[in-house]
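Peer 1: any chance you can model this:
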Amino acid sequence: MKSDKPLHAPQSHFPVRDGSLHIGGIALPRLAQRVGSTPFYAYDRALLTVRVQDLRATLPAGMRIHYSIKANPMPALVQHMSGLVDGLDVASGGELRIALDTGMAAQRISFAGPGKTDAELTQAIAAGAVVHLESAREAESVHRIGQALGLRPTVMLRINPDFELKSSGMKMGGGPRPFGVDAEQAPALLRRIFELDLDWHGLHIYSGSQSLNAQALAETQNKTFELALQLSRTATQAPRLLNIGGGFGIPYFAGETALDVRPIADNLAHWLPRTQAALDGAQVALEMGRYLVGEAGIYVARVIDRKVSRGQVFLVTDGGMHHHLAASGNLGQVIRKNYPVAIGNRMEEQSREAVSVVGPLCTPLDVLADRLDLPAAEIGDLVVVFQSGAYGCSASPSAFLSHPQALEVLV
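Peer 2: Next up is the predicted model:
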């Protein structure tokens, strides 16, 4: 019996040969043998490279691209990305250590986040990274720590704008927010930054994430540039960098289509020379995470049981929400929808059935696919969850019920 529920977003990034999905040129069953056990995440380095190359080819010349490590902090992946992008953005002391290990120049690493401890600020200042100030308290702390270290800290001011990114999955600006300094408070804090003789590097204005609406992204960027120009006029020197955030999304669910970056690039081509002329040649950066890495990764779990309960087929796997919280629908979804899911070693089979894929956890929340049409699978087959390169392993409650953690590989 087939399901009448909508299908997920289609996937076309990974080739299929001889019935099996291939990742990094390796057939999935062979990759599982190479990894040694399931469950695991696999990230395709060629897809990561192509995504950045395609983005550079579309964006106007001179636009900087930063990778936001919180999307996926796997050290090998971050190392690979560091050779493709112009900067790394971190949000914790742990991520800062990963970024520094890549060999990326410290002045191209920026540290944002609303709750930086003195220990983390000390770590960033000692390393020479750029600290994104999110409050007046942080400015004073950075000054104090810099004096104690005998260093002049480099800082940017993160702004909470009075607008938000419409049609976004997660809003990071507009209204009351824990992130950044309210735009109306920014001029006073800018004056204080210069009084403290901090090395002011520029502005960071981030409004939201996971948008597939090019018009909404362009409109938000218009407001971002206008706000940046307005605030810069209140500073005693021009910024060297303007980080306008990102917000570029990827399709997950039925009815969603890939973002068309071309209209956004055309709009940026209008703003970039104007902004640089007004700000003495300041560089402009897009900060991205999910868009760069999300579609290059898969999550793989093995079927360990097949059971039928009152007519419904369940595939029980050795992986689940403790490894991939987002795919279970428990990371921000209001109504649960299926991620793209396949039986990775049965990609060309025509016989299909409606099944639910569940994990081994003793909770009804542990669902990777609900009544989805899939090839008839047996114990030992490999379930694949696509669009898993971002906010997967590190964004999941891996200690829940004390099952083994998922492995991660870059191929």
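
Peer 1: contacts only, for the nearest residue to Leu100 once chain neighbours are set aside.
Peer 2: Closest residue in space to Leu100, ignoring its immediate chain neighbours: Ala127 at 5.9 Å, by Cβ to Cβ, 6 or more residues apart in numbering. The way it works is simple: take the backbone N, C-alpha and C, and place the C-beta from them, glycine included. By Cβ atoms under 8 Å, 6 or more residues apart in numbering, Ala127 lies in contact with Leu96, Leu100, Ala106, Ile109.

Peer 1: just Gln237 next, same as before
Peer 2: Shown in contact with Gln237 (Cβ under 8 Å, 6+ apart): Phe194, Trp200.

Peer 1: same question, Ile343
Peer 2: So Ile343 contacts Glu349, Leu374, Pro375, Ala377, Asp381, Leu382, Val383, Val384 (Cβ under 8 Å, 6+ apart).

Peer 1: okay, and the beta partners of it?
Peer 2: Val383 (DSSP bridges).

Peer 1: one step back: now, among the contacts of Ile343, which is nearest to Phe194?
Peer 2: Closest approach between the contacts of Ile343 and Phe194, by Cβ to Cβ: Val384, at 53.3 Å.

Peer 1: neighbours around the spatially closest residue to that closest one that is not a sequence neighbour, how many?
Peer 2: Spatially, and ignoring its direct neighbours in sequence, Val384 is nearest to Gly344 (3.9 Å; Cβ to Cβ, 6+ apart). Neighbours of Gly344 under the rule other Cβ atoms under 10 Å: 27.

Peer 1: pretty sure Val300 sits against Gln33.
Peer 2: No - applying Cβ atoms under 8 Å as the test, Val300 and Gln33 come out as separate, 11.9 Å apart.

Peer 1: for the two, indicate the residue with more neighbours.
Peer 2: Of the pair Val300 and Gln33, Val300 is the one with more neighbours under other Cβ under 10 Å, namely 26 against 11.

Peer 1: identify the bridge partners of that one.
Peer 2: With DSSP bridges as the rule, Val300 is bridged to Phe40, Val384.

Peer 1: what comes up buried for the top helix by length along the chain?
Peer 2: When the chain is parsed with DSSP state H, its longest helix is helix 214-232. For helix 214-232, burial by neighbour count (16 or more other Cβ atoms under 10 Å) applies to 214, 216-221, 223-225, 227-229, 231-232.

Peer 1: now stretch 125-136
Peer 2: For stretch 125-136, using 16+ other Cβ under 10 Å, the buried residues are Ile125, Ala129, Val130, Val131, His132, Leu133, Glu134, Ser135.

Peer 1: farthest-apart pair in the residues you listed, please.
Peer 2: The largest separation in these, counting by Cβ to Cβ, is between Ala129 and Ser135 at 18.1 Å.

Peer 1: helix, strand or coil: sort out the closest residue to Asp197 other than its chain neighbours for me.
Peer 2: In this structure, Asp197 finds its nearest non-sequential neighbour in Arg152, 6.9 Å apart by Cβ to Cβ, 6+ apart. Following DSSP: H, G, I helix; E, B strand; the rest coil, Arg152 is assigned to coil.

Peer 1: just checking, Arg152 touches Trp200?
Peer 2: No - under the criterion of Cβ under 8 Å, Arg152 makes no contact with Trp200, lying 10.7 Å away.

Peer 1: among those two, which residue is more densely surrounded?
Peer 2: Neighbour count, other Cβ under 10 Å: between Arg152 and Trp200, Trp200 has more, with 21 against 14.

Peer 1: do you know the pLDDT at Arg177?
Peer 2: Listed pLDDT for Arg177 reads 64.

Peer 1: where along the stretch 251-400 of the chain do the helices fall?
Peer 2: For the stretch 251-400 of the chain, applying DSSP state H, counting those that start in this stretch gives helices covering 262-278, 290-293.

Peer 1: same check on the stretch 1-150 of the chain?
Peer 2: Using DSSP H, counting those that start in this stretch, helices in the stretch 1-150 of the chain cover 28-35, 45-58, 75-82, 93-101, 118-127, 136-149.

Peer 1: could these go into TSV alongside mean pLDDT?
Peer 2: Below are these laid out as TSV (pLDDT from 0 to 100):
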stretch	mean pLDDT
helix 28-35	98
helix 45-58	98
helix 75-82	98
helix 93-101	98
helix 118-127	98
helix 136-149	98
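
Peer 1: output those in TSV, with distance to Gly245 appended to each entry.
Peer 2: As requested, the helices of the stretch 1-150 of the chain are arranged in TSV below (distance: least, Cβ to Cβ, whole Å):
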stretch	distance to Gly245
helix 28-35	35
helix 45-58	15
helix 75-82	18
helix 93-101	17
helix 118-127	20
helix 136-149	19
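
Peer 1: tell me which of those lies nearest to Leu361.
Peer 2: Closest to Leu361 of the helices of the stretch 1-150 of the chain, according to Cβ to Cβ: helix 28-35, at 21.4 Å.

Peer 1: give me the residues contacting that closest one.
Peer 2: Residues outside helix 28-35 that contact it (Cβ under 8 Å, 6+ apart): 20-24, 26, 38, 40, 42, 300, 302, 344-345, 382, 384, 407, 409, 411.

Peer 1: narrow those residues to those in strands?
Peer 2: 20-23, 26, 40, 42, 300, 302, 382, 384, 407, 409 (DSSP state E).

Peer 1: for stretch 333-341, the distance to its chain's centre please.
Peer 2: Remark: stretch 333-341 is offset 18 Å from the chain centroid, using Cα atoms, centre = their mean, to the nearest Å.

Peer 1: kind regards, and thank you for your time.
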